[in-house]
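Trainee: Let's see this in three dimensions:
(one chain, ligands or ions: 1)
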Amino acid sequence: MNSKCLDQEVNRTKEAEVGEALPNPESLAPMLVEIICERAHCVIYEYAIVTVKFVADEFKGRVKVKPVVRRGSKKNVDRYLELCRMNGQHLSVPAILMGGKLVFTYVPGIEDLRRAMEENLQETGVSKRIKDNLWQVGGSELTDSADAAVYLIWFGDKAALVDSGCGQGHLRLRKHIDECLPPGVQLEYLLLTHCHFDHAGGAAAVRMALGCRIVAHELDAVYLEAGDSEVTAASWYGARLEPLMVDIKLHGHESTLTIGDGSVTAIHWPGHSPGSVVYTTNIHGQLVLFGQDVHGPIHPALLSDEKHYQASLAKLIDLEADILLEGHYGIFWTKEEVREFIQSFMK
Ligand SMILES: [Zn+2]
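Mentor: Residues are numbered from 1 along each chain as shown. The predicted structure follows:
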């Protein structure tokens, strides 16, 4: 079996596991339109859902509609809270969100809904440029709703990917990497910030497809190599993590990796998980911080440690980064924004 076949096989298996058809590699990730409901099967919410679906049908697969029942299953409640955090406010019902962004707090007319979908579609599904050599190529709006952000960076003829997403949007991620990476630039490393499924679940498929080496801190590598679906939180996503061999294990507090004519520094950042790391790099005098789960959460099943986490947050502040690239909260563009965001989790 050649590598292409192997790659396709991996995807087929992964898609079969989540019970979805293999996505068309040409297609962009559909924009997720979510409707916050108080409970299922209530007239007002049914009306909102039917109206949104009616308009979404016109977009032929480019828009995916999903109700989020605020008093529903744990998955629904978790998503509701995540959307509240993403929008920086308590979301009332019924609320309509597009690509995670609050758009309506009522059920609008068909015309307004159509226009809003068109406008928001233009903003989603395409890679985001951060710097000429730094792009966001994956994330919940780009590749799969379960994905943490995925960033691509290159220096000269070598590149690195920071995290891989959960793997369910692998073909979309590949497409975005292909579109962003200049010809002749080779992906050398997949830098994992930690072992969690939404960051590392797609790592094996990325390595198989692109031939890069996987990097993780030794204290998280142990759970990846064991295929521990609890500590890696794969079970939270209804998935199973296959044992993942880590090619380069980071030890101790700090390591620097050369990438082409640049470099990235890994800093051990325990708390959210035992072997969490942040990566930093310097681009034209600006310190860029890849801090994928700065927000936590701190949870016993993840072997989190609140004391370590608080100490790690204080160390992050001391870095005085100019730009923070977060896994779930987006991009913070100034020193002040970065400091405020980190401080908001300090006790
Ligand atoms: Zn995490």
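Trainee: what's around the residue in the stretch 101-250 of the chain positioned nearest to the ion, how many residues?
Mentor: Nearest residue of the stretch 101-250 of the chain to the ion: H196, at 3.5 Å (C-beta to the ion). All C-beta atoms are positioned from the backbone trio N, CA, C, and that covers glycine. For H196, the neighbour count with other C-beta atoms under 10 Å is 29.
Trainee: Let me know whether it touches P274 as I believe.
Mentor: No: contact criterion C-beta atoms under 8 Å: H196 and P274 do not qualify, at 11.8 Å.
Trainee: Quick one, grab the pLDDT at T51.
Mentor: pLDDT, T51: 92.
Trainee: Grab the nearest non-local neighbour of the residue most central in space within the chain.
Mentor: Geometric centre of the chain, nearest residue: A148, 1.3 Å, by C-alpha atoms, centre = their mean. Nearest residue to A148 in three dimensions, chain neighbours excluded: G327, at 3.7 Å (C-beta to C-beta, 6 or more residues apart in numbering).
Trainee: show me what contacts the one you found?
Mentor: Counting by C-beta atoms under 8 Å, 6 or more residues apart in numbering, G327 makes contact with A148, A149, D163, T193, D198, H199, Q292, D293.
Trainee: again, only using 7 Å
Mentor: Residues near G327 by C-beta atoms under 7 Å, 6 or more residues apart in numbering: A148, A149, D163, H199, Q292, D293.
Trainee: Which residues of the stretch 151-300 of the chain lie near the ion?
Mentor: Counting by C-beta under 5 Å from the ion, the stretch 151-300 of the chain comes close to the ion at H196, D293.
Trainee: Look up the closest residue to E320, ignoring the ones flanking it.
Mentor: K335 (6.2 Å).
Trainee: and L302, what does it touch?
Mentor: Taking C-beta under 7 Å, 6+ apart as the contact definition, L302 lies against V231, A233, S273.
Trainee: Could you do Y189 as well?
Mentor: Applying C-beta under 7 Å, 6+ apart, we find Y189 in contact with A160, C212, R213, V215, L257, I259.
Trainee: Pick the one among those residues closest to L303.
Mentor: V215 (20.3 Å; C-beta to C-beta).
Trainee: How many residues are close by that closest one?
Mentor: 25.
Trainee: Look up which helix or strand it falls in, please.
Mentor: Using DSSP states H and E, V215 sits in strand 213-217.
Trainee: what's the next helix or strand along the chain from that strand in contact with?
Mentor: Once the chain leaves strand 213-217, the next helix or strand it forms, by DSSP H and E, is helix 218-226. The contact list for helix 218-226 (C-beta under 7 Å, 6+ apart) reads 194-195, 200, 216, 231-232, 243-246, 249-251, 273-276.
Trainee: where along the stretch 151-300 of the chain do the strands fall?
Mentor: Here the stretch 151-300 of the chain has its strands, by DSSP state E, counting those that start in this stretch, at 158-162, 186-191, 213-217, 248-250, 254-259, 262-268, 277-283, 286-291.
Trainee: Report the contact partners of the residue nearest to S273 when sequence neighbours are not counted.
Mentor: Once flanking residues are discounted, S273 sits nearest to H194: 4.5 Å by C-beta to C-beta, 6+ apart. Taking C-beta under 7 Å, 6+ apart as the criterion, H194 is in contact with D220, H272, S273, G275, S276, D293.
Trainee: since we're on the residue lying closest to the first one once chain neighbours are set aside, how many residues are nearby?
Mentor: Taking C-beta to C-beta, 6+ apart as the measure, D220 lies nearest to G275, with 3.1 Å between them; neighbours along the chain are not counted. For G275, the tally of surrounding residues (other C-beta under 10 Å) stands at 24.
Trainee: who's in contact with G275?
Mentor: When contacts are taken as C-beta under 7 Å, 6+ apart, G275 is in contact with H194, C195, A216, H217, E218, L219, D220, A221.
Trainee: Most neighbours among those, which one?
Mentor: Neighbour max across these (other C-beta under 10 Å) = C195, 33 neighbours.
Trainee: For S344, grab the count of nearby residues.
Mentor: S344 has 10 neighbours, counted by other C-beta under 10 Å.
Trainee: Then G61?
Mentor: Using other C-beta under 10 Å, G61 has 10 other residues around it.
Trainee: Surely it touches P30?
Mentor: Yes: between G61 and P30 there is a contact at 6.2 Å, judged by C-beta atoms under 7 Å.
Trainee: Columns pLDDT and distance to D322 on top of the contacts of G275, output as a markdown table?
Mentor: What follows is the contacts of G275, written out as a markdown table (pLDDT from 0 to 100; distance: C-beta to C-beta, whole Å):
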| residue | pLDDT | distance to D322 |
| --- | --- | --- |
| H194 | 97 | 23 |
| C195 | 98 | 28 |
| A216 | 98 | 26 |
| H217 | 98 | 24 |
| E218 | 98 | 29 |
| L219 | 98 | 28 |
| D220 | 98 | 27 |
| A221 | 98 | 30 |
